[in-house]
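# 3D model of this:
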Amino acid sequence: MVDLDLAELLLLAPAEDAESPIPISSLPPVDRFVEGLCRAVGAIAGCIVVPGESGGFPEQSQAIGLVARTETDRAAMRTLIDAAPPISRRGFSWIREAATPDHCGLIVATGGAHRDGHLILAFARDHLEDPAVTAQLLTLAPGLGVMAGAMRAISAELDQADRRRGAMEAALQQSECGVVIISADQTVLFANASAQAILDAGDGVELRRNALRPTRYHDAVRFHAALDAVIAPPRHRESQRERGAMLLLERTGAERPLIAVIAPANRGHASDVGAGGDADAPSGGAAAIVRLMRPETSFAHGFETICQLHGLSPVETQLVASLARGMTLGEAATSMRIKTDTGQAATRTPPPPFGEQKNPE
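Next up is the predicted model:
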């Protein structure tokens, strides 16, 4: 057998059609993977074929990641897919079809957990006239199949994750409670429709440079201190990281304040995004969830579970529930038989770490 390495094979690959290149940047991951294989071995089209629900092939099969240099090559590829023969014991077979005299296909079994899938690559027949190219293709075929199988598994996981994300986003969009997801650098990653309505109106909090900021300065200081305490608590307070923070934010022209509940996005994983103030922690992932609640809305009476879920104490939960029902802080404190100062303390930023002193008011 002719001994060629991949670098030599790339030199033997035909020049690409400059007038119709494959648009790499606009392709999904599995398409980019197949496109990369095509470039590496000089194929003019390629795809991964997966069985349909009935498991049949090719009648019930589906081609994913189908890329081609031109529309003519794409049409030829579909013809080769339909004409694909059974895989030989060697793990690959050639596809030759009279309807596509200028094209030849190579079908390779995928490895791993997806042995029922296939990788198909289409070549110009004149390209395969060189025995060295054909020999190297057959040498690489098993490895190409294994890589295709791994990519198929990754693609399936990505599709499942995308469906799950879509379902969760739809559920959040239907919620009357404003939900904002914030990254470790305090930029907003997502805001549902209820939260967006509050931000657009500047109703106690607004969006500035893609970051949440209460409209009142003194509230902004407390809010960002609380957000810092949730996202990146000091290391000696690591055990308190799962605790949320609740604040009342003043609103222009409204008697009752906006309720903001801040909770970590990665509960139970203190070493996750931003934990302990780690400067090397990733900043692009979700680090905190902020729930914004208008006391006058009809949903407010049902969010006690939210407070408990994110670590608020029973007293704090009861206080938030009373405020959400329309009570003033004084009325809520009286009904709970606690001092007003105690109620005010429950709505403030968590106390500073041991050894730090509060600034005198």
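# The helix or strand residue 321 falls within: how far from the chain's middle?
Here residue 321 sits within helix 314-324, counting by DSSP states H and E. Distance of helix 314-324 from the chain centroid (Cα atoms, centre = their mean, to the nearest Å) equals 34 Å.
# who does that helix touch, helix- and strand-wise?
Judged by 3 or more Cβ pairs under 8 Å, 6 or more residues apart in numbering; DSSP states H and E, helix 314-324 is in contact with strand 245-249, strand 258-264, helix 304-309, helix 329-336, helix 340-346. Yep, even glycine has a C-beta here, placed from its N, CA and C like the rest.
# Which other helices and strands does the second one contact?
Put plainly, it is strand 258-264. The contact analysis (3+ Cβ pairs under 8 Å, 6+ apart) places strand 258-264 against helix 217-231, strand 245-249, strand 286-293, helix 304-309, helix 314-324.
# what's the burial count for the nearest residue to residue 187 once chain neighbours are set aside?
The shortest distance from residue 187 to any non-neighbouring residue, by Cβ to Cβ, 6 or more residues apart in numbering, is to residue 210 (4.9 Å). Residues lying near residue 210 (other Cβ atoms under 10 Å) number 11.
# Start at 39, not 1
OK, 39 is where the count begins now, so the last one is residue 248.
# What does the pLDDT read for residue 248?
According to the prediction, residue 248 has pLDDT 92.
# show me where pLDDT drops low in the stretch 89-238 of the chain?
90-98, 149-154 (pLDDT under 70).
# For it, which segments count as helices?
109-120, 169-211, 231-239 (DSSP state H, counting those that start in this stretch).
# by contact count, what packs against the shortest one?
Applying 3+ Cβ pairs under 8 Å, 6+ apart, we find helix 231-239 packed against strand 216-221, strand 243-246, strand 324-331.
# of all the helices and strands packed on helix 352-362, which lies closest to residue 180?
Set against residue 180 and scored by Cβ to Cβ, these come closest in strand 296-302, at 46.4 Å.
# can I get the helices and strands packed on helix 231-239 in CSV with distance to residue 193?
Formatted as CSV, the helices and strands packed on helix 231-239 follow (distance: least, Cβ to Cβ, whole Å):
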stretch, distance to residue 193
strand 216-221, 26
strand 243-246, 35
strand 324-331, 24
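# Output these in a markdown table; the columns should cover distance to residue 68 and mean neighbour count.
Output for the helices and strands packed on helix 231-239, formatted as a markdown table (distance: least, Cβ to Cβ, whole Å; neighbours: other Cβ atoms under 10 Å):
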| stretch | distance to residue 68 | mean neighbour count |
| --- | --- | --- |
| strand 216-221 | 27 | 22 |
| strand 243-246 | 35 | 18 |
| strand 324-331 | 25 | 23 |
